[in-house]
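A.B. asks: fold the following, please.
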Amino acid sequence: MDLRTAILAEHSRTQSLYIAGWIGNSVSRFRQLMQLFLEDEYRVVQRAAWVISFVAMKHPALLTTHLPAMVARMEDAGIPVAVKRNVLRILQYLDIPTPLHGAVMNSCFRFLEDPEEPVAVKAFSMSILAGLAKDYPDIKNEIRLLVEDQLETNPTPGIRSRAKKVLKAIQ
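C.D. replies: The predicted structure follows:
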């Protein structure tokens, strides 16, 4: 399969799941996908991010060597929202390696503070920070302040639901 052609063929959940199934637990196929995610044009990057999230749910070990590059990509200025959203979706379910804690924390705090970030990015950031607070209890107060601020300034159903869970988790 020409992975790039398959990604561009159709933007649908069905197509993304099909590609994720083709990749399966193959290290070389996943490496191809990551190369597209990290280096290609906007549309390919956006669609590859969705496929990565499906692969990561079934085969999280494939991500281990690629996490530093994914976190670095998430920190890029002008990154597509779909990339941030999917990287954060993945990170909330993983044990983030210690060397990446600082970069991930900084990004998540920045996303929560930015009024332009979409609800999903903020919600995933809250969950990641709550998970990191287990190792870094000193950040709990800052998380609480930002989550409460989101409840006041952006009280969407998604924010309210996630905020409730995060506030309970960091108590």
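
A.B. asks: residues touching the helix ranked longest in the chain, excluding its own?
C.D. replies: Under DSSP state H, the helix in the chain containing the largest number of residues is helix 42-58. For helix 42-58, the external contacting residues (C-beta atoms under 8 Å, 6 or more residues apart in numbering) are 4, 7-8, 11, 16-17, 19-20, 23, 25, 30, 33-34, 36-38, 40, 62-63, 80, 82-83, 85-87, 89-90, 93-94. Where C-beta positions appear, they are placed from N, C-alpha and C, glycine not excepted.

A.B. asks: pretty sure I139 contacts C108?
C.D. replies: No - using C-beta atoms under 8 Å, I139 makes no contact with C108, being 9.9 Å away.

A.B. asks: what's the domain layout of the chain?
C.D. replies: Each domain of the chain is listed here as a residue range: 1-94, 101-171, per automatic domain parsing.

A.B. asks: save those as TSV, and put in mean neighbour count and mean pLDDT too.
C.D. replies: Shown next, in TSV, are these (neighbours: other C-beta atoms under 10 Å; pLDDT from 0 to 100):
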stretch	mean neighbour count	mean pLDDT
domain 1-94	17	91
domain 101-171	17	94
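
A.B. asks: could you list every residue that touches L132?
C.D. replies: So L132 contacts I96, H101, V104, M105, C108, I139 (C-beta under 8 Å, 6+ apart).

A.B. asks: taking those residues one by one, which sit in helices?
C.D. replies: Among the contacts of L132, DSSP H puts H101, V104, M105, C108 in helices.

A.B. asks: residues touching the third one, list them.
C.D. replies: By C-beta under 8 Å, 6+ apart, the contact set of M105 is L129, L132, Y136, I139.

A.B. asks: rerun that using 7 Å as the cut-off
C.D. replies: L129, L132, I139 (C-beta atoms under 7 Å, 6 or more residues apart in numbering).

A.B. asks: how near is it to D149?
C.D. replies: M105 sits 17 Å away from D149, going by C-beta to C-beta, to the nearest Å.

A.B. asks: having no further points to raise, I will conclude here.
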